[in-house]
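Novice: Sharing a model prediction with you, sequence too.
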Amino acid sequence: MMRVLALCADDFGLAPGISAGIARLAHAQRLTAIACITNSPHWEASVVLLKNLPDTVDIGLHLNLTEGRPLSARLARRWPRLPSLPRLIAQAHLRLLPLAQLRNEVHAQLAAFTRAFGKPPAFIDGHQHVHHLPGLRQIILDMVEHVQPIPAVRSTGRVLGPGAGFKRRVIEATGGRTLAAELAQRVIARNPALLGAYDFVEPNYQALMRGWLAALPPAGGLLFCHPGTRLEGDPPDAIGAARERELAYLGSVAFDADLAAASVRLGRVWQT
């Protein structure tokens, strides 16, 4: 039986090379979704790369609260620079987050997306999965329900695939399972499973992909990836080598062959 895989490239807008690599794959119909970071200084210049995309590619908002600077003045007064992921996770679970200022920030990032495209995002998720953290989760879901049409939300409650067992469990336990339950309760469209977690060190991305395709359930799933390249003047990127490997493989005939061998096709998997 043919299974369906949604393939979403994260971090569009973070750096020119990353955006260029993602746009290249999207225009070649190698992706089904793009998740955009709108508080990056490179965001506005990158938007033109997504003009005239195929209708098969959804464009969504990748809420960023762990890298760079806030977009909203209110949060910038509290946090001139966004915190690291471990710090954000700790503050979220200790109920120490400045929620009023964070509400202003997520709305500012949404507004930046809507200004760029003239319409709301098709889906919303979080850079480093921050959208499922306590406190933030409620702010984001309340915001989603006031957007028309209501965007889908990336569910992080069921993370499948080879290896990265500790990372997958951390994603589920820090808020993923609770988010999945709340999405079901609110009847918000979401992916039935999530794949793509790894350490960005493994050099054989094809082997990882084959494992993810084997783990894809009959109901389908969403695989998040981070393809990109580096252009002159781009900021330093801790996972730059992994981005290059992903870009090369996802644009290759080897990826087509692996999809066919696994009886998987690319497509949308949002379900309520």
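Specialist: The structure has been received and is ready for your questions.
Novice: the strands in this structure, which residues?
Specialist: 3-12, 33-36, 58-63, 123-126, 152-153, 194-195, 221-225, 264-266 (DSSP state E).
Novice: So which of those strands is nearest residue 182?
Specialist: strand 152-153 (9.3 Å; Cβ to Cβ). (C-beta placed from N, C-alpha, C; glycine too.)
Novice: what's the burial count for the closest residue to residue 27 other than its chain neighbours?
Specialist: Leaving aside its chain neighbours, residue 27 sits nearest to residue 53 (6.7 Å; criterion: Cβ to Cβ, 6 or more residues apart in numbering). Using other Cβ atoms under 10 Å, residue 53 has 16 other residues around it.
Novice: Got the phi and psi for residue 53?
Specialist: Here is the backbone geometry of residue 53 (degrees, to the nearest 10): phi -70, psi 150.
Novice: May I have the predicted confidence score for it?
Specialist: Looking at residue 53, its pLDDT is 95.
Novice: mind checking how far it is from residue 115?
Specialist: 18 Å (Cβ to Cβ, to the nearest Å).
Novice: hang on, the earlier thing: so can I have a markdown table of the strands of the chain showing mean pLDDT, mean neighbour count and distance to residue 46?
Specialist: As requested, the strands of the chain are arranged in a markdown table below (pLDDT from 0 to 100; neighbours: other Cβ atoms under 10 Å; distance: least, Cβ to Cβ, whole Å):
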| stretch | mean pLDDT | mean neighbour count | distance to residue 46 |
| --- | --- | --- | --- |
| strand 3-12 | 98 | 24 | 7 |
| strand 33-36 | 98 | 28 | 8 |
| strand 58-63 | 98 | 25 | 12 |
| strand 123-126 | 98 | 27 | 18 |
| strand 152-153 | 98 | 27 | 22 |
| strand 194-195 | 98 | 28 | 25 |
| strand 221-225 | 98 | 26 | 18 |
| strand 264-266 | 98 | 17 | 23 |
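Novice: Between the ones you listed, which one is closest to residue 237.
Specialist: That would be strand 3-12 among the strands of the chain, by Cβ to Cβ, at 9.5 Å.
Novice: Buried by neighbour count: which residues of the helix or strand bottoming out on mean pLDDT in the chain qualify?
Specialist: Least confident helix or strand of the chain, by mean pLDDT, DSSP states H and E, is helix 165-171 with a mean of 94. Going by neighbour count (16 or more other Cβ atoms under 10 Å), the buried part of helix 165-171 is 168, 171.
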